[in-house]
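**Q** generate a structure from the sequence data that follows.
(chains A, B and C)
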Amino acid sequence: MTTEIDRQWTTRLRRRAEGKLPPEKLLPDTQPSYVSSWIYVFGVTTMAALCMVIATGCVLAIFGPQWWHTSSVGHFVNSLHLWAVEIFFFAMVIHLWGKFFMASWRGGRTLTWMTGVVTFLASIAAGFTGYASQSNFDSQWITTQAKDGINASGAGSFFNVLNLGQMLMWHIVLLPLVAVLLTVLHVLMVRVKGVVPPFSDETTEVAR
Amino acid sequence: MTKAFRPDVDAPEWKGGYAPYDILKEGTIALVVVALLTIALALIFSSPDEHAVTIKSWSNATPVDFAQTALSELNGTSGTAQYGAPYNTASEGQKLGPLALAKWAGARIPVNTVRDFVIDPLRALPDQPPLTQGLATWRSASDATRTNWVAHYTKAASQMTYANGQVVVSTTNAGPVPLFINDLTMMARSGALDQALVTQHGFYTTDYTKPLLFLSDGSYLKNLAQKDHLLGTQWGMMNETGSYPGQAWLWLYTFWYQVTPFSTSANADVQVWGLMMLLSVILLFVPFIPGLRSIPRKSRVYRLIWREHYRNL
Amino acid sequence: MHWFNTVGALINLDHPGHFLHWHFIEVSVANAVVMIVMVATFVVALLAPFPGRRSRKENR
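**A** Model (predicted):
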């Protein structure tokens, strides 16, 4: 017989979470022995770079959007932000290549793949709005060029790349939120399903 | 009943061994390595920050280009004046096959180049009796008269020069247009036009739509960009000012602009956009697409990744 | 504070870039370096021996 406590939303959610993601899956202390290649380090590298991007972005946010143009310390923080972004994309693309060649969507991991792809696309949008928010020659040129593509799609009527305030808000509020939420979701999915096992290899099996 | 095992969709259950793995330690090491690498790269290479172009700097560097652009805003031949949505209804805009996406979305960011770029800024100039008189003449004139004035000026403007602080165009029957172009150029050279274009809706703003559109209608910004290889035809989307790496991840987006049919298409922007959306959706749905999802298995790159595993089978 | 200025860029990239041309392909040296390093990193990640995973028979 189910009690009132059993029927509570809170209880149900907790039990579901415990079932899907027990602590030893969330924070595992072992990995299957096939997880033995440098290709596996690029996911965590991407996340580390994301942490750096956000941390340096927060420092830029503390002092406001004009600071880095006038302060040498600000310019240095901007440099950190830029290079963290370069490492972020660098690692993410290698992670993507690696996961593609492992066909890592196998075994019910389709949503893990798809959240990864959407995170990649959201990151490109976040990067673009960052370039648009620089308030220098680069952003003048990039926005006046990019407007044509975005306007032609119809999106330009709502997403005005020439509006600095709008671009900055997307860059520092909306898109980071999307990127971080998707990353968390992506990582939780990896923890739920585990790392994809190798293709079963009939030729080797038979040869044995 | 069990379904047949599909090697590109299903994964075999792992029955092999497990090895110790410290996820927190790995994360910490990654963070430290990336932090040190970021600091090193920032110290070694710094980052680009080329000053923004102003309408003041543009009109001082190339007054004739500015005055010609101002004229194009007045006679309706500028890029912005003929743009279509989202700025006005002057043209259909680009179409993706039969789909006029921009037009359907509407002119939600209205820009009237005559009013916003020429007349309203001039009206903001105080204490200039000839200009006040000229603006009054303009206001009371019919559309046909205005068009006639502008046409006369435009015809003579191919010989435009700039000398002794004046825009010189020898023309008659142009009404107040010579005064407008000259005064707007003076206003631009003083820096006042930069302000007037952003403060049309009051003191505070974070919206630079109008000055950016005005700037991009001239050839000054484009010439600067060309020197930095930033033009669309130069794969500019992925380039950066100076010798810095740019958004290299946009290589495929900018690639399409370099090849036919896109390089010669009037609808290239929306076509390339549509194609990239399609390719993004394909990437998203790779796990469902037969053929594509078999590439990993057939390419056998995985044999390298899991070579120890296969060696130990 | 001023050490940032002096150490700001050991290698100054604030000068016109160099570009590689091959038919219609045009790429800045900086981007080319990034992409080559990226592909090289991928290849190295595939080929380099991964240390420290000794206990393949160890069951939990």
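**Q** hey, let's count contacts and neighbours off CA atoms from now on
**A** OK.
**Q** does residue B:101 touch residue A:150 like I think?
**A** No. In this structure residue B:101 lies outside contact range of residue A:150 using C-alpha atoms under 8 Å: 10.4 Å.
**Q** near chain A, which residues of the stretch 51-200 of chain B?
**A** Near chain A, the residues belonging to the stretch 51-200 of chain B are B:51-53, B:85-86, B:93-95, B:101-109 when assessed by C-alpha under 8 Å from any C-alpha of the partner chain.
**Q** now list the buried members of the residues you listed.
**A** By neighbour count, with 16 or more other C-alpha atoms under 10 Å in any protein chain shown, those hold B:53, B:85, B:86, B:93, B:94, B:95, B:101, B:102, B:103, B:105, B:106, B:107 as buried.
**Q** now the first one: phi and psi?
**A** To tie it back to what came earlier, the one meant is residue B:53. phi -80, psi 140 (degrees, to the nearest 10).
**Q** and the closest residue to it other than its chain neighbours, what pLDDT?
**A** Using C-alpha to C-alpha, 6 or more residues apart in numbering or on different chains and skipping residues adjacent in sequence, the residue nearest residue B:53 is residue A:137, 6.0 Å away. Looking at residue A:137, its pLDDT reads 95.
**Q** how many other residues sit next to residue B:120?
**A** 16 (other C-alpha atoms under 10 Å in any protein chain shown).
**Q** buried stuff in the host helix or strand of it?
**A** Under the criterion of DSSP states H and E, residue B:120 resides in helix B:120-123. Neighbour counts over helix B:120-123 (16+ other C-alpha under 10 Å) mark B:120, B:121, B:122 as buried.
**Q** got JSON lines for those residues, with distance to residue A:118 and pLDDT too?
**A** Formatted as JSON lines, the buried residues of helix B:120-123 follow (distance: C-alpha to C-alpha, whole Å; pLDDT from 0 to 100):
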{"residue": "B:120", "distance to residue A:118": "44", "pLDDT": "95"}
{"residue": "B:121", "distance to residue A:118": "44", "pLDDT": "95"}
{"residue": "B:122", "distance to residue A:118": "48", "pLDDT": "96"}
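**Q** and those residues, which is closest to chain C?
**A** Proximity of the buried residues of helix B:120-123 to chain C (C-alpha to the nearest C-alpha) peaks at residue B:121, which lies at 36.1 Å.
**Q** centroid residue for chain C?
**A** Closest residue to the average C-alpha location of chain C: residue C:37 at 3.8 Å, with C-alpha atoms, centre = their mean.
**Q** how is it assigned, secondary-structure-wise?
**A** helix (DSSP: H, G, I helix; E, B strand; the rest coil).
**Q** look up how far chain A lies from it.
**A** Between residue C:37 and chain A the computed distance is 9 Å (C-alpha to the nearest C-alpha, to the nearest Å).
**Q** give me the distance between that residue and residue B:226.
**A** Counting by C-alpha to C-alpha, to the nearest Å, the separation of residue C:37 from residue B:226 is 27 Å.
**Q** with residue B:172 instead?
**A** Taking C-alpha to C-alpha, one finds residue B:172 at 37 Å from residue B:226.
**Q** so which of these two has more stuff around it?
**A** residue B:226 (15 against 11).
**Q** quick one: what helix or strand has that one in it?
**A** Residue-wise, residue B:226 maps onto helix B:220-227 under DSSP H and E.
**Q** immediately after that helix, which helix or strand?
**A** The helix or strand immediately downstream of helix B:220-227 is helix B:251-258, counting by DSSP H and E.
**Q** apart from its neighbours in sequence, what residue is nearest residue A:136?
**A** Residue A:136 sits nearest to residue B:52 (C-alpha to C-alpha, 6+ apart), 4.1 Å away.
**Q** surely that neighbour meets residue A:141?
**A** No. With contact defined as C-alpha under 8 Å, residue B:52 does not reach residue A:141; the gap is 9.4 Å.
**Q** quick one: the nearest residue in space to residue B:170 that is not next to it in sequence and chain C, what's the gap?
**A** The shortest distance from residue B:170 to any non-neighbouring residue, by C-alpha to C-alpha, 6+ apart, is to residue B:156 (6.5 Å). To chain C, residue B:156 is 38 Å away according to C-alpha to the nearest C-alpha.
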